[in-house]
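Asks: I would like the atomic coordinates for the input below:
(2 chains)
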Amino acid sequence: DAEITQSPRHKITETGRQVTLACHQTWNHNNMFWYRQDLGHGLRLIHYSYGVQDTNKGEVSDGYSVSRSNTEDLPLTLESAASSQTSVYFCASSGGPGQASYEQYFGPGTRLTVT
Amino acid sequence: GDSVTQMEGPVTLSEEAFLTINCTYTATGYPSLFWYVQYPGEGLQLLLKATKADDKGSNKGFEATYRKETTSFHLEKGSVQVSDSAVYFCALRNAGNNRKLIWGLGTSLAVNP
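Replies: Have a look, this model is predicted:
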């Protein structure tokens, strides 16, 4: 079965370190999204991609970067982790052949703690 | 810009009670509307949708009707179960940008036996 996976599921890192969160989908979806979820803020869009070599900034992109070198993967990098980036991160994808582009499929999330 | 407003939680109900979670939106044109559900420890999943005015989306006993005159898409269920305990998100897709979704802040529901 097609799926979307994230790794690691939990990560503790120190302030200033570079961290990369992985997202891999086997839906063959064109669109991929990274969100962060924080109490009182709901889901906030960090970066998104509509295809290979395409990346776009979301509403809270400062301190984060992504690259899309193939259809399946959209890794999220925190260039220099800050305590304000402690959060739960969700990857989502949408827009496969014959599928509605609005239905986003979510990964299980990565809980990141920056100490 | 486009926005979605949901009632604040948490909502706590007893099993078999009637559920309403309010959602109103602001958008230009004719957006599509969605409810997503997030069970504890999981990612979000689509619960139901409506793509035009007066459409009713339904799934797993949940219903929501797209009311353009009141710009609302309230989620209802006649008899909740403990297994419905989750966070519910209302979202919209503007017709002019149909790949991104605009999200509400989510409403937490706890159902007690």
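
Asks: counting contacts, what elements does the helix or strand in which residue A:23 is found pack onto?
Replies: Assigned by DSSP states H and E, residue A:23 belongs to strand A:19-25. Using 3 or more CB pairs under 8 Å, 6 or more residues apart in numbering or on different chains; DSSP states H and E as the contact criterion, the elements in contact with strand A:19-25 are strand A:4-7, strand A:10-13, strand A:31-38, strand A:76-78, strand A:87-94, strand A:110-114. Where you see a C-beta, it was placed from the backbone N, CA and C, and this is true even at glycine.

Asks: Pipe those strands into CSV and attach distance to chain B, mean pLDDT and mean neighbour count per row.
Replies: Shown next, in CSV, are those (distance: least, CB to the nearest CB, whole Å; pLDDT from 0 to 100; neighbours: other CB atoms under 10 Å in any protein chain shown):
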stretch, distance to chain B, mean pLDDT, mean neighbour count
strand A:4-7, 8, 96, 18
strand A:10-13, 11, 98, 14
strand A:31-38, 5, 96, 23
strand A:76-78, 15, 98, 19
strand A:87-94, 6, 96, 24
strand A:110-114, 10, 98, 18
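
Asks: I'd like these written out as TSV, with distance to residue A:68 added.
Replies: Formatted as TSV, the helices and strands packed on strand A:19-25 follow (distance: least, CB to CB, whole Å):
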stretch	distance to residue A:68
strand A:4-7	15
strand A:10-13	22
strand A:31-38	7
strand A:76-78	11
strand A:87-94	11
strand A:110-114	18
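
Asks: For residue B:54, which of the ones you listed is the nearest?
Replies: Comparing those against residue B:54 with CB to CB, the closest turns out to be strand A:87-94 (25.6 Å).

Asks: give me the low-pLDDT residue ranges for chain A?
Replies: A:96-101 (pLDDT under 70).

Asks: so where's the longest strand in it?
Replies: For chain A, the strand with the greatest residue count under DSSP state E is strand A:42-51.

Asks: What is the helix or strand following it packed up against?
Replies: Remark: after strand A:42-51, the chain's next helix or strand is strand A:54-57, criterion DSSP H and E. Counting by 3+ CB pairs under 8 Å, 6+ apart, the packing neighbours recorded for strand A:54-57 are strand A:42-51.

Asks: got the angle for the strand it packs on vs strand A:87-94?
Replies: Between strand A:42-51 and strand A:87-94, the angle comes out at 40 degrees (axes from the mean of the first three to the mean of the last three CA atoms, to 10 degrees).

Asks: picking up where we left off before, in the strand holding residue A:23, what counts as buried?
Replies: Buried residues in strand A:19-25, counting neighbours by 16 or more other CB atoms under 10 Å in any protein chain shown, are found at A:19, A:21, A:23-25.

Asks: residues near residue B:9, how many?
Replies: 15 (other CB atoms under 10 Å in any protein chain shown).
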